[in-house]
Each structure stands twice: as C-alpha cells, then as structure tokens.
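Asker: Sequence plus predicted model, see below.
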Amino acid sequence: MKVTRTDDEHLTIEMDMPTAEKLYEAINKRTVDMTNGAIELASLLQEASYDAAHTFKQPPHAFDKDHPPHPTPED
C-alpha cells in the first residue's frame, strides 16, 4: 500500500486488489466496532474494487437513431 499526500486536505491511497478486498471485508465483518470513518473507507474501497474489476463499455452508437442492430440470442 502506498499513501501519498497530494495537498493539505487530500490523500491518495494505492493498493492492490487483494489487499483492498481483505481490508473492506475485515471492516464490514466488524462494523459494530468500527468508527464511521472506517466504515466509509470500507465502502469507498469496495466501490473502487468493483469499478476496477468491471470494465463494461457502452457499445458505440448504442443510442443513435440509426444504430446497428444489437446481437440477440436468436442470432
């Protein structure tokens, strides 16, 4: 994990996916004992982990009037 102070009010935290997942899972298992800041951190880590793992890209021209037909199970 790498923590970088970008200015007086901001930090950047870099960590690999397995570390982030372990951390947010550990915090989420003990939310009763955690502070709001720790729970918020777990939420942010979980969201960032999900965003990093799921790279859906909208097909080009998906909402154009004359877009190419989308593939269907019948094709």
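Answerer: Here it is on my side, so go on.
Asker: Skip ahead from the helix or strand in which Pro18 is found and say which helix or strand is next.
Answerer: Here Pro18, judged by DSSP states H and E, is contained in helix 17-29. Later in the chain than helix 17-29, the nearest helix or strand by DSSP H and E is helix 36-53.
Asker: Hey, what's the angle from that next one to helix 17-29? Just curious.
Answerer: 140 degrees (axes from the mean of the first three to the mean of the last three C-alpha atoms, to 10 degrees).
Asker: same for helix 36-53, what does it pack against?
Answerer: Secondary-structure packing of helix 36-53 (3 or more C-beta pairs under 8 Å, 6 or more residues apart in numbering; DSSP states H and E): helix 17-29. Heads up, the C-betas are built off the backbone N, CA and C, glycines and all.
Asker: how about the CA coordinates for stretch 34-47, as PDB?
Answerer: Only the C-alpha atoms of stretch 34-47 are listed here, as PDB (Å, rounded to 0.1, in the frame of the first residue of the first chain):
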ATOM      1  CA  MET A  34     -15.900   0.500  13.700                       C
ATOM      2  CA  THR A  35     -16.000   4.200  13.500                       C
ATOM      3  CA  ASN A  36     -17.900   6.000  10.700                       C
ATOM      4  CA  GLY A  37     -14.600   6.900   9.000                       C
ATOM      5  CA  ALA A  38     -13.600   3.200   8.900                       C
ATOM      6  CA  ILE A  39     -16.900   2.200   7.500                       C
ATOM      7  CA  GLU A  40     -16.800   5.000   4.900                       C
ATOM      8  CA  LEU A  41     -13.300   3.800   3.900                       C
ATOM      9  CA  ALA A  42     -14.500   0.200   3.500                       C
ATOM     10  CA  SER A  43     -17.400   1.500   1.300                       C
ATOM     11  CA  LEU A  44     -15.000   3.500  -0.800                       C
ATOM     12  CA  LEU A  45     -12.600   0.600  -1.200                       C
ATOM     13  CA  GLN A  46     -15.500  -1.800  -2.100                       C
ATOM     14  CA  GLU A  47     -16.800   0.700  -4.700                       C
END
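Asker: Please identify the buried residues of that stretch?
Answerer: Met34, Ala38, Leu41, Ala42, Leu45, Gln46 (16 or more other C-beta atoms under 10 Å).
Asker: Okay then, goodbye and thanks.
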